[in-house]
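Enquirer: Below are the sequence and a predicted model for it; my questions follow.
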Amino acid sequence: MSRVLVGVKRVIDYAVKIRVKPDHSGVVTDGVKHSMNPFCEIAVEEAVKLKEKKFIKEVVAVSCGPTQVTETIRTALAMGCDRGIHVEVSGKDYEAMGPLQISKIFAALAKKEEASLVILGKQAIDDDCNQTGQMTAALLDWPQGTFASEVTIDGEKVKVVREIDGGLETIKISMPAVLTADLRLNTPRYATLPNIMKAKKKKIANMKPADLGVDEPPTRLAGVKVETVDDLVAKLKANGTI
Amino acid sequence: MKLVERMPRLQSCQAAHGLSDEQKEFQKMAFDFAAHEMSPHMAEWDEKEIFPVETMRKAAQLGFGGIYVQPEVGGSGLSRLDTSVIFEALSTGCVSTTAYISIHNMCNWMIDTFGNTEQREKFCPELCTMDKFASYCLTEPGSGSDAASLLTTAKLEGHHYILNGSKAFISGGGDTDVYIVMCRTGGKGPKGISCVVVEKDTPGLSFGKKEKKVGWNSQPTRAVILEDCHVPVTNRLGQEGQGFNIAMRGLNGGRINIASCSLGAAHACVQLARDHLLVRKQFGEALSNNQFLQFKLAEMATKLVASRLLLREAAVALQESRSDAVSLCSMAKLFVTDECFNICNQALQMHGGYGYLKDYAVQQFVRDIRVHQILEGTNEVMRMIIARSLLSESG
């Protein structure tokens, strides 16, 4: 059991009052405080704990986005990750990027790095998609333990207690696997001053999605507005969707 | 209770401007610690006069017990500027507790810098983890600003100094473990003063009653009484006669730290005032539409940024051992503690009647930083130091 990949996303800080841009094209992000997605912090903490318990040898923090995401990777390094990977995506491509592209990137990296586990936050607090973990597992054809509130390694298997609508569900899955962290999995540590300084010396590799064989996200096509439900049904039948 | 957990970022007053990436990480971590571990308890610690040992030890685990102490004895080995940034951030969570942590750091540094190998190895590691806490004992009932006239004597007898005298207003006194005591081993004036480390439970060491204060209530303040207190000669830091110099060198950094605490409080209060002005309505509109209040807020923010710049410059001068360091530290302490008190006081005024209630944090910031204009050298003494430097032959 050697390596864990942890995904960390740079999002607008949870305490910021969100404002919509005047042109309604999105929310204001310029000059706004950003931090690591809280569920990603929990994912990092779990990975670092597994390393401290000697179940794994190396934790690699991964983030996709423009240059600023390296701040988030540095925070992960200060919490105890060993090295980082920055998959560079900027500008319009970054705005168009969604869980499907991210999961393709993670799937490619998981294979390249020969990871035994990919640990992600269950969702990001900006888009609340709750899709990346599941899609990554599907692309890799790996088992998934999502909404994890407790993770225990048992030889080549992982016991995951999941928070589901009905309560708690316990599953046992084989590794390699994808886990997504829920709120009660752990309490993330503060980075210590010495660890923040050590993080400066840890490496962050830089690459593009193309280096991993992942395409650009497709251009979004404009939608069509219809007047009634009957029109909608007709259109869907016409283009073969139903 | 509206506290500073949800601090909107003020663009022009951002505390992170001009810092390195690493310093921004320290600052972010300190802000988080302050918001989650200190801010929710600030009022209770004040009201119940609780010395928050567990929280301070949590802070020590992150490296806050010996921020500018050398790593080989357990410290974090950071610069004075790094330290200032950290204390400024921590103060937004609780000024009184942060101020005590800064005094503890100052004492730790004094042993680290002036102690010999045995002393450093004996005391510093436990101070860095805050397994043990420290107090700085210079002031006496008869000597405050005129510190060099102190009367506590230390008579050499064989392998011990016998200490007699009393110290006043000692932060942490009675609850701490290691007391850095400035005492007279020689003749009159500063050259007759030495610095010794007195450990808790030494026979002859006792304490006065816990003082009732206007602020700084999360740290106990007591007189420290020495009656034929035997202290081993091996506990003396540096040479005989070097004590006053050690005390003053400690205070240069201490002044930066205390000013940093005032700065954090003022930063928090500017944000609290701003939030209040946006929300409170009178005469049919938000207070933020009132030009007088707009101008007042602008002045507060301007003085805040000016204070921060002077303070950080002084911190850099100190860490680079520049020739103007002592003067700059005094200027920074004078300017920052005065201006930041005014900022916090104005913020209280802007809250109207609510500002006077203990349910609102602004009054605690005002009460807690009021004393920063007095201790670690009164602001009057700061003027003396600056004037002396200006009027001296080399000034």
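Expert: Looks like it came in fine.

Enquirer: anything in stretch A:184-196 near chain B?
Expert: Yes - Stretch A:184-196 is in contact with chain B by Cβ under 8 Å from any Cβ of the partner chain, via A:190-194, A:196. Any C-beta I mention is one placed from the backbone N, CA and C, and that applies to glycine too.

Enquirer: Apart from its chain neighbours, what residue comes closest to the closest residue to chain B within chain A?
Expert: Sorted by distance to chain B under Cβ to the nearest Cβ, the residues of chain A start with residue A:193, at 3.1 Å. On the basis of Cβ to Cβ, 6 or more residues apart in numbering or on different chains, the spatially nearest residue to residue A:193 that is not a chain neighbour turns out to be residue B:63, at 3.1 Å.

Enquirer: and the one you found, how many neighbours?
Expert: Neighbour count of residue B:63, defined by other Cβ atoms under 10 Å in any protein chain shown: 27.

Enquirer: Looks to me like it is in a helix.
Expert: Yes - assessed by DSSP: H, G, I helix; E, B strand; the rest coil, residue B:63 belongs to a helix.

Enquirer: do stretch A:78-98 and chain B meet?
Expert: Yes - using Cβ under 8 Å from any Cβ, stretch A:78-98 reaches chain B at residue A:78.

Enquirer: Paired strands for the longest strand anywhere in chain A, with orientation please.
Expert: Looking across chain A with DSSP state E, the single longest strand is strand A:144-154. Here strand A:144-154 is paired, per DSSP bridges, with strand A:157-164 (antiparallel), strand A:177-181 (parallel).

Enquirer: Could you list the buried residues of the longest one?
Expert: By neighbour count on 16 or more other Cβ atoms under 10 Å in any protein chain shown, the buried set for strand A:157-164 is A:158, A:160-163.

Enquirer: picking up where we left off before, mean pLDDT for the strands paired with strand A:144-154 - can I get that in a markdown table?
Expert: Converted to a markdown table, the strands paired with strand A:144-154 look like this (pLDDT from 0 to 100):
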| stretch | mean pLDDT |
| --- | --- |
| strand A:157-164 | 96 |
| strand A:177-181 | 98 |
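
Enquirer: would you turn those into CSV with distance to residue B:111?
Expert: Formatted as CSV, the strands paired with strand A:144-154 follow (distance: least, Cβ to Cβ, whole Å):
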stretch, distance to residue B:111
strand A:157-164, 49
strand A:177-181, 43
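
Enquirer: Pull up the residues of chain A that are close to chain B.
Expert: Near chain B, when you scan chain A using Cβ under 8 Å from any Cβ, you find A:15-17, A:31-33, A:35, A:71, A:74-75, A:78, A:190-194, A:196-197, A:199-200.

Enquirer: can we see that at 7 Å?
Expert: Within chain A, the residues that sit near chain B (Cβ under 7 Å from any Cβ of the partner chain) are A:15, A:17, A:31, A:33, A:74-75, A:78, A:190-194, A:196-197, A:200.

Enquirer: need the helix or strand of chain A with the lowest average pLDDT.
Expert: One helix or strand of chain A scores below all others by mean pLDDT, DSSP states H and E: helix A:91-96, with a mean of 84.

Enquirer: now the next helix or strand along the chain from it and strand A:177-181, what's the angle there?
Expert: Sequence-wise, the next helix or strand downstream of helix A:91-96 (DSSP states H and E) is helix A:99-112. Going by axes from the mean of the first three to the mean of the last three Cα atoms, to 10 degrees, helix A:99-112 is angled at 130 degrees with respect to strand A:177-181.

Enquirer: Now do helix A:99-112: distance to the chain's middle.
Expert: Taking Cα atoms, centre = their mean, to the nearest Å, the mean C-alpha location of helix A:99-112 is offset from the chain mean by 10 Å.

Enquirer: Please name every helix or strand in contact with that helix.
Expert: Helices and strands touching helix A:99-112, by 3 or more Cβ pairs under 7 Å, 6 or more residues apart in numbering or on different chains; DSSP states H and E, are strand A:3-7, strand A:58-65, helix A:132-140.

Enquirer: Packed most tightly, which of these would that be?
Expert: Most buried of those by mean neighbour count (mean count of other Cβ atoms under 10 Å in any protein chain shown) is strand A:3-7; its value is a mean of 26.

Enquirer: CA-only coordinates of that strand, as PDB, when you get a sec.
Expert: Provided in PDB are the C-alpha atoms of strand A:3-7 (Å, rounded to 0.1, in the frame of the first residue of the first chain):
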ATOM      1  CA  ARG A   3       0.500   6.000  -2.500                       C
ATOM      2  CA  VAL A   4      -2.600   8.100  -1.900                       C
ATOM      3  CA  LEU A   5      -3.800  10.900  -4.200                       C
ATOM      4  CA  VAL A   6      -5.700  13.600  -2.500                       C
ATOM      5  CA  GLY A   7      -7.700  16.200  -4.500                       C
END
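
Enquirer: what angle do it and strand A:177-181 make?
Expert: Using the same axes, to 10 degrees, strand A:3-7 lies at 40 degrees relative to strand A:177-181.

Enquirer: give me every residue that touches residue B:89.
Expert: Contacts for residue B:89 (Cβ atoms under 7 Å, 6 or more residues apart in numbering or on different chains) come out as B:27, B:30-31, B:34, B:264.

Enquirer: tell me which element it falls in.
Expert: helix B:80-91.

Enquirer: average pLDDT across that helix?
Expert: Throughout helix B:80-91, pLDDT has a mean value of 97.

Enquirer: Likewise for stretch B:15-34?
Expert: On average, the pLDDT along stretch B:15-34 is 92.

Enquirer: which residues touch that stretch?
Expert: By Cβ under 7 Å, 6+ apart, stretch B:15-34 touches A:74-75, A:78, A:190-191, A:193, A:196-197, A:200, B:59, B:62, B:82, B:85-86, B:88-90, B:92-93, B:267.

Enquirer: cool, and stretch B:57-75?
Expert: Contacts of stretch B:57-75 (Cβ under 7 Å, 6+ apart): A:190, A:192-194, B:29, B:33, B:37, B:76-78, B:80, B:83, B:86, B:101, B:104-105, B:108-109, B:112, B:120-121, B:124-125, B:127-130.

Enquirer: Just the residues you listed: which are in helices?
Expert: Secondary structure from DSSP state H places A:193-194, B:29, B:33, B:80, B:83, B:86, B:101, B:104-105, B:108-109, B:112, B:120-121, B:124-125, B:127-128 of these in helices.

Enquirer: buried subset of these?
Expert: A:193-194, B:29, B:33, B:80, B:83, B:86, B:101, B:104-105, B:108-109, B:112, B:120, B:124-125, B:127-128.

Enquirer: Tell me where chain A is predicted with low confidence.
Expert: Counting by pLDDT under 70, the low-confidence segments of chain A come to A:1, A:216-219.

Enquirer: Run a quick check on residue B:389 versus residue B:328, I expect a contact.
Expert: No - between residue B:389 and residue B:328 there is no contact under Cβ atoms under 7 Å: 9.6 Å.

Enquirer: So if I had to pick from these two, which one is more boxed in?
Expert: residue B:328 (24 against 17).

Enquirer: Name the nearest residue to the more buried one, sequence neighbours excluded.
Expert: Closest to residue B:328 by Cβ to Cβ, 6+ apart is residue B:314, at 4.1 Å.

Enquirer: Which of the three states applies to that neighbour?
Expert: Assignment for residue B:314 (three-state DSSP): helix.

Enquirer: Return the distance of it relative to residue B:158.
Expert: 44 Å (Cβ to Cβ, to the nearest Å).
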